[in-house]
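A.B. asks: Pasting a predicted model and its sequence here:
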Amino acid sequence: MDKYVKVPLDSTEAADLRAGDYVYLTGTIYTARDAAHKRMYEALQKGEALPLEMMNNVIYYMGPSPAREGRPIGSAGPTTASRMDKYAPSLLDLGLKGMIGKGKRSEEVKAAIVRNGAVYFAAVGGAGALLSRSITHSEVIAYDDLGTEAIRRLEVENFPVIVVIDSLGNNLYETAIQEYRTEEG
């Protein structure tokens with residue numbers, strides 16, 4: 001089912017999403033990859049403030065290529081989400097409502113998604129140039145020294161994602177395999 005959702009994402013909106021839903025996000029999301037997640041995790045360990053508020057926000061696991069003239073960002077495809085699995089539960093416990101990446105997540109992340117009423121979205125890998133068309137503004141807000149892995153605030157319009165793990169713990173990667181086996185069996 002196609003759903004159009006405003007971000008940041010509140011608990012009610014997250015609870016309405018189901019694994020397999022096609023979702024078009026409009027509003028503000030943030031980017032952060034491995035190095036930025038590591039820094040945020042270390043800041044939390046030291047009791048320091050994070051460079052962005054987690055409550056109800058969505059983080060996109062992406063490091064863009066340089067922007068072409070007249071564009072706010074270059075190719076903006078997802079990176080493998082499991083690389084952030086060590087850090088994700090802590091951020092979810094702080095109120096992070098959504099994550100966008102590609103690939104499977106650990107059981108610890110899945111449990112944190114359910115515990116916090118959050119959602120994991122997948123963006124289509126290999127479609128970074130197409131995905132960048134939904135990004136209307138990009139600005140670095142933290143860790144500029146990390147280059148493409150700096151934290152960015154993105155304004156998006158109808159950014160296409162698919163719900164993979166919903167707030168109830170339903171996992172599209174698992175259910176799709178079962179459906180395929182049933183159809184082929």
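C.D. replies: Looks like it arrived, so ask away.

A.B. asks: which parts of the longest strand seen in the chain are buried?
C.D. replies: Longest strand in the chain, counting residues (DSSP state E): strand 151-165. In terms of neighbour count (16 or more other Cβ atoms under 10 Å), strand 151-165 has its buried residues at 151-156, 159-165. Every C-beta, even on glycine, is put in place using the N, C-alpha and C of the backbone.

A.B. asks: cool, stretch 84-93 as well?
C.D. replies: Under the neighbour-count criterion of 16+ other Cβ under 10 Å, stretch 84-93 has 84, 85, 87, 88, 89, 90, 91, 92 buried.

A.B. asks: Redo the buried residues of strand 151-165 as JSON lines? Include pLDDT.
C.D. replies: JSON lines is the format used below for the buried residues of strand 151-165 (pLDDT from 0 to 100):
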{"residue": "151", "pLDDT": "96"}
{"residue": "152", "pLDDT": "96"}
{"residue": "153", "pLDDT": "97"}
{"residue": "154", "pLDDT": "97"}
{"residue": "155", "pLDDT": "98"}
{"residue": "156", "pLDDT": "98"}
{"residue": "159", "pLDDT": "97"}
{"residue": "160", "pLDDT": "97"}
{"residue": "161", "pLDDT": "97"}
{"residue": "162", "pLDDT": "97"}
{"residue": "163", "pLDDT": "98"}
{"residue": "164", "pLDDT": "97"}
{"residue": "165", "pLDDT": "98"}
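
A.B. asks: out of those residues, who's nearest residue 105?
C.D. replies: Using Cβ to Cβ, residue 165 is the member of the buried residues of strand 151-165 that sits closest to residue 105, with 6.3 Å.

A.B. asks: Tell me the bridge partners for that closest one.
C.D. replies: residue 120, residue 171 (DSSP bridges).

A.B. asks: for it, what are its contacts?
C.D. replies: Applying Cβ atoms under 8 Å, 6 or more residues apart in numbering to residue 165 gives the contacts 19, 105, 110, 113, 119, 120, 171, 172.

A.B. asks: Please apply the same query to residue 170.
C.D. replies: Contacts of residue 170 by Cβ under 8 Å, 6+ apart are 18, 19.

A.B. asks: and it, how far is that from residue 72?
C.D. replies: Residue 170 sits 34 Å away from residue 72, going by Cβ to Cβ, to the nearest Å.

A.B. asks: and if you look at residue 141?
C.D. replies: 14 Å.

A.B. asks: cool, and residue 90?
C.D. replies: According to Cβ to Cβ, residue 90 and residue 72 sit 30 Å apart.

A.B. asks: What of residue 108?
C.D. replies: Using Cβ to Cβ, one gets 34 Å for the distance from residue 108 to residue 72.

A.B. asks: Give me the more crowded residue out of these two.
C.D. replies: Under the neighbour definition other Cβ atoms under 10 Å, residue 108 and residue 72 were set side by side, and residue 72 has more, 17 against 12.

A.B. asks: sec struct for the more buried one, please.
C.D. replies: Three-state assignment for residue 72 (DSSP: H, G, I helix; E, B strand; the rest coil): coil.
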